[in-house]
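Visitor: I would like to see how this sequence folds:
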Amino acid sequence: MVVKIKYPEIDPWRTDIRDEERLEIINIDDFPREVVLKNLGISGFSLVRSFGLSNVAASEIQERLALGKFLSENPNFVKVLKGMGRSSIPTDYQSFVNYYDRPDNGHVRHWENVCRFLRTLSEYKNLIPSRIRVIQKVLEASLPLEKDEVAMAKIIQEEVEKIAVIEGVVEFRMSWDRYNDLELCYTSGKVHGHQRFSAALNPQRLKKYPTWIDKWWAFPLGWFGIIRRVKKKIDAQNREYLDSVYRPMVIDRPSTQLIDDILRGLKSKLGGIDWCKIRQQDICSVKHAALKVFFSYSKPGLFLRIYDIGNLSDFHVELPEFKFGHFRGYSAEMQKGVKQIRAQILEEVRKIAASRAENAFRDLLREQRPDFFDETFKVESTATDRHHKWFAMETFLNEVDLRATYEAAQENRKFFYEKIGNICEVVNLLETVRSNAVKLTKNLCFPNILSNGEHILSFEEIHPIHLMGQVEKIVPIRHVPNINSQMVGITGRHGGGKTTICETIMVYIWLAQSGIPLPGISFSLNPKKKIGMVFLGRGKGSTCQTMVRKTKNLLEAIQDVEGKNVVLVIDEVGTGTQESAGYDFGWSLLKTFAQSGVSSVFSTQITRLAENVRDELDALIFQVDDKHNVNPGVGGGGLPDVIKQEGLDKLLVHD
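Guide: Take a look at the predicted model:
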């Protein structure tokens, strides 16, 4: 009875993300997604397609972070994963045999991988992430399947090795080019053989007993012999079908695959002969010759014996007639007949060899290789095995008795290597993020995801990842207060980094809700459903039109969304029009945000707006200086300092 395993649809890192599980980004054209992925070196990873989860998928974010921490803190486990190559059941006969050749009764390669995976996990006990623990339990339950698989392989090997017995003689045309390099070309051959298994077998044609036989209400039918008669009829039909396909196929000509293997073996055998020396003799100055070979292919492999080199037309081996009757198994009488045929062929070969005793070509070859015409040597038979054996293996694997084991073994491999592959891609993603984040800071933190109803967005230090490679020096962002359903305003000097702060906060929310570590120190938040932004430098139309259009998008998108699930950033509120009009617009907009309960961050150059929002709406207002430091208070744009710094003051007319 094959071990039945129910494989759960579970991935350590889920990639089948539904639309409702994705973080919605309002005004997505303002979000530097591709730049961030490129700077972290992960734009080519397939996992990034599942980045940006919403609060609906909070549990998935937690699972990813737990997996990431486990992999980061346990390098030995990662080392084991990286050293674990995929192992599938071979489709080549000899590879199949080698695969199940287990020295000292060790594990099959696939099951060695499984056992090594489980042994390594056992070292961590309670530290294992929940999804990997589920995978661990499933694999532990599947371990008895190895015994079934090995038993299946043994049956197949025992049967397939009896499949074909082919013997005969073949002739090759020998020729030499002007460099005395030998060329061989098959000309003819006489073969006798049989193949026990027919490729015509289709297991789907075997009839099964009707399912009603096992029903409780059918039990009385057994008293009258009805069930027995039904089974007997079906058995007879199946037996008739099997008799029509389970019979030997008489082989009377060499296959292309057999000739290819013989050719390769002969070229290797003849490669060490000094043909130039032989052909310099007057008696042997021939352009062509016939190479005659006896071959035998059966369970031990393919064996060759070169028994003559002579004229192309001189080919006299006569094979006796040999036919198989209806196949009922290999009886002693049939085996005796096979031996008689083999003896007759060998006798014909012996006679020809004796009749060529005075052949000059033979004498010169014997000078170089005394046993040249007497040695029987084995050659590789990969192509012949595949042609005469593998199709039979496929048929065996689809038989009722073995199909369940084969399918169970394949299903186990599919499950195991899909999960290992998923984890390994996460490992590569984490290592790539770490190697690129070190360009910004040595600090790397896993975000703290809060799911207990709290409303929070806080950090100690973050870095503008999207500016990597664009500016000479990247300054970390610190001292920004917690954004807990509050409004935070950024004022201060032109070029001080107000826009950068707003952009970086959005980037970090997206990355945190993707489940990866972040460059910086201590980043915490409750998962958001939507984030939105307005950056005036991106978009068509005038600055004022861009602000109005994008602001409208924000307000429409946050309707009927709980405030704690939204973070908005607006750059340069009130810019693009007269200051008085900009103030009125900004006041109305920020008051709307305050009443909605969303968390918001804005920057502005209108100091009166910043002061009134602080005093009337309890906003937290900060200013950035020329060194990008963030401090409490309302700061001006510092335009005179910028004019002087850029040297414009020398070109202007002053009173």
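Visitor: Secondary structure element for the residue nearest the centre of the chain, which one?
Guide: In the chain, the centroid-proximal residue (C-alpha atoms, centre = their mean) is residue 421; its distance is 5.6 Å. Using DSSP states H and E, residue 421 falls within helix 400-437.
Visitor: Return the set of buried residues in that helix.
Guide: 402, 404-406, 408-409, 412-413, 415-417, 419-420, 422-427, 429-430, 433-434, 436-437 (16 or more other C-beta atoms under 10 Å). From N, CA and C alone the C-beta is placed, and that goes for glycine too.
Visitor: Check stretch 123-140 too.
Guide: Neighbour-count burial for stretch 123-140 [16+ other C-beta under 10 Å]: 124, 128, 129, 131, 132, 135, 138, 139.
Visitor: Tell me if I'm right that the second one and residue 136 touch.
Guide: Spelled out, that is residue 128. Yes: counting by C-beta atoms under 8 Å, residue 136 is a contact partner of residue 128 at 6.8 Å.
Visitor: Quickly list what's touching both of these two.
Guide: Listed as contacting both residue 128 and residue 136 by C-beta atoms under 8 Å, 6 or more residues apart in numbering are residue 121.
Visitor: Next, report how far stretch 88-98 is displaced from the centre of its chain.
Guide: In terms of C-alpha atoms, centre = their mean, to the nearest Å, the centre of stretch 88-98 is found 21 Å from the chain centre.
Visitor: ok, which stretches of the stretch 301-450 of the chain are strands?
Guide: 301-310, 377-379, 444-445, 448-449 (DSSP state E, counting those that start in this stretch).
Visitor: per-stretch mean pLDDT over the ones you listed, give me the minimum one.
Guide: Of all these, the minimum mean pLDDT falls on strand 301-310 (a mean of 84).
Visitor: which outside residues touch it?
Guide: For strand 301-310, contacts defined as C-beta under 8 Å, 6+ apart pick out 169, 174, 258, 261-262, 265-266, 269, 289-297, 349, 352-353, 356, 359, 361-362, 365, 372-381, 384.
Visitor: Now the buried members of these.
Guide: Buried among these (16+ other C-beta under 10 Å): 169, 174, 258, 261-262, 265-266, 269, 289-297, 349, 352-353, 356, 359, 361-362, 365, 372-373, 379, 381, 384.
Visitor: Against residue 37, how distant is residue 310?
Guide: Distance of residue 310 to residue 37, computed by C-beta to C-beta, to the nearest Å: 73 Å.
Visitor: Same check on residue 532?
Guide: As defined by C-beta to C-beta, residue 532 lies at a distance of 20 Å from residue 37.
Visitor: what does residue 429 give?
Guide: Residue 429 is 11 Å from residue 37, by C-beta to C-beta.
Visitor: Then residue 463?
Guide: Per C-beta to C-beta, residue 463 is found 15 Å from residue 37.
Visitor: Between these two, which is the more surrounded one?
Guide: In this view residue 463 and residue 37 are compared by other C-beta atoms under 10 Å, and residue 463 has more residues nearby, 22 against 18.
Visitor: Could you verify my assumption that that one touches residue 520?
Guide: Yes: in terms of C-beta under 8 Å, residue 463 counts as a neighbour of residue 520; the distance is 5.8 Å.
Visitor: quick one: common contacting residues for the two?
Guide: What both residue 463 and residue 520 touch, as defined by C-beta under 8 Å, 6+ apart, is the set 441, 476.
Visitor: What are the buried residues along the one helix or strand residue 520 maps to?
Guide: If you go by DSSP H and E, residue 520 is part of strand 518-525. Within strand 518-525, the residues scored as buried using 16+ other C-beta under 10 Å are 518, 519, 520, 523, 524, 525.
Visitor: Give me the below-cutoff pLDDT ranges for the stretch 101-250 of the chain.
Guide: 103-104, 159-163, 178-180, 194-205, 241-250 (pLDDT under 70).
Visitor: Return the residues in contact with residue 254.
Guide: Neighbouring residues of residue 254 by C-beta under 8 Å, 6+ apart: 166, 168, 170, 189, 191, 262.
Visitor: which one is residue 376 nearest to, not counting chain neighbours?
Guide: Leaving aside its chain neighbours, residue 376 sits nearest to residue 305 (4.6 Å; criterion: C-beta to C-beta, 6 or more residues apart in numbering).
Visitor: Tell me how far the one you found lies from residue 651.
Guide: For residue 305 relative to residue 651 (C-beta to C-beta), the value is 101 Å.
Visitor: out of those two, which sits in the busier spot?
Guide: Taking neighbours as other C-beta under 10 Å, residue 305 and residue 651 compare with residue 305 leading, 18 against 8.
Visitor: Identify the bridge partners of that one.
Guide: With DSSP bridges applied, residue 305 shows beta-bridge pairing to residue 294.
Visitor: For residue 85, the count of nearby residues, please.
Guide: Neighbour tally, residue 85, other C-beta under 10 Å: 9.
Visitor: so it is in which element?
Guide: Per DSSP H and E, there is no helix or strand for residue 85.
Visitor: and the buried residues of strand 518-525 as a markdown table, adding pLDDT?
Guide: Putting the buried residues of strand 518-525 into a markdown table (pLDDT from 0 to 100) gives the following:
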| residue | pLDDT |
| --- | --- |
| 518 | 95 |
| 519 | 95 |
| 520 | 94 |
| 523 | 95 |
| 524 | 93 |
| 525 | 92 |
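Visitor: mind checking the SS state of residue 187?
Guide: Of the three states, residue 187 takes strand according to DSSP: H, G, I helix; E, B strand; the rest coil.
Visitor: how much space is there between it and residue 275?
Guide: According to C-beta to C-beta, residue 187 and residue 275 sit 19 Å apart.
Visitor: which residues in the stretch 451-600 of the chain form helices?
Guide: 498-512, 543-557, 579-596 (DSSP state H, counting those that start in this stretch).
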